[in-house]
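In: coords please:
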Amino acid sequence: MPSEPSKDLIVLDNPRPGRDYEIRCETPELTCLCPVTGQPDFATVVITYVPSDLIVELKSLKMYLWSFRDEGVHHEGITNGILDDLVSALSPKSMTVVTDWLVRGGIATTVTATHES
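Out: Model prediction:
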């Protein structure tokens, strides 16, 4: 059965809750639609966080990011939305989400959103 996009983020127990360490997840496969033109936008997303009690299961993160493919959303909105959803699911000690968008109309855009507990 093929995979389907999903907004469900699955969380796992942090295997080393007594140690501060950084997790970095990166993929060049974030896509959404421009809410003005309907054309596709493409970005690399980098999620960096110091976990508290929970970590994100990577397959669910992949399906979550895939779920934006048919949504019309501005770069700033998707970046902050990803941060909000992950912070809500994980309650990390800190987290940063960076989206680096391919050039559109001659302008390259990078958006950085950060959470500190």
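
In: Output the contacting helices and strands for the lengthiest helix in the chain.
Out: Secondary structure of the chain per DSSP state H: the longest helix is helix 75-90. On a contact count with 3 or more CB pairs under 8 Å, 6 or more residues apart in numbering; DSSP states H and E, helix 75-90 meets strand 40-50, strand 54-56, strand 94-104, strand 107-116. In this view, the C-beta of every residue, glycine as well, is placed from N, C-alpha and C.

In: List the contacts of the first one.
Out: Outside of strand 40-50, the residues within contact range by CB atoms under 8 Å, 6 or more residues apart in numbering are 20-28, 30-34, 61, 65, 75, 82, 86, 90, 92-102, 104.

In: How about the contacts made by D13?
Out: By CB under 8 Å, 6+ apart, the residues touching D13 are 53-55.

In: Excluding sequence neighbours, find me the nearest residue to L86.
Out: Nearest non-adjacent residue to L86, counting by CB to CB, 6 or more residues apart in numbering: M95, 6.2 Å away.

In: So the one you found sits against I82, correct?
Out: No. Look at M95 against I82 with CB atoms under 8 Å: they stay out of range, at 9.7 Å.

In: check contacts around the residue most central in space within the chain.
Out: Central residue of the chain (CA atoms, centre = their mean): I82, 4.4 Å from the mean position. Contacts for I82 (CB under 8 Å, 6+ apart) come out as 45, 47, 65, 97, 99, 113.

In: just T109 next, same as before
Out: When contacts are counted by CB under 8 Å, 6+ apart, T109 touches 75, 100-101.

In: Near the residue nearest to L86, how many residues? Count them for me, please.
Out: 22 (other CB atoms under 10 Å).

In: ok, now which ones touch it?
Out: Counting by CB under 8 Å, 6+ apart, M95 touches 47-50, 83, 86-87, 114-115.

In: show me where pLDDT drops low in this structure?
Out: Within the chain, the ranges that satisfy pLDDT under 70 run 1-2.

In: Which residue or residues pair with E26 through a beta bridge?
Out: When assigned by DSSP bridges, E26 has beta-bridge partners V46.

In: For it, give its distance to M63.
Out: 16 Å (CB to CB, to the nearest Å).
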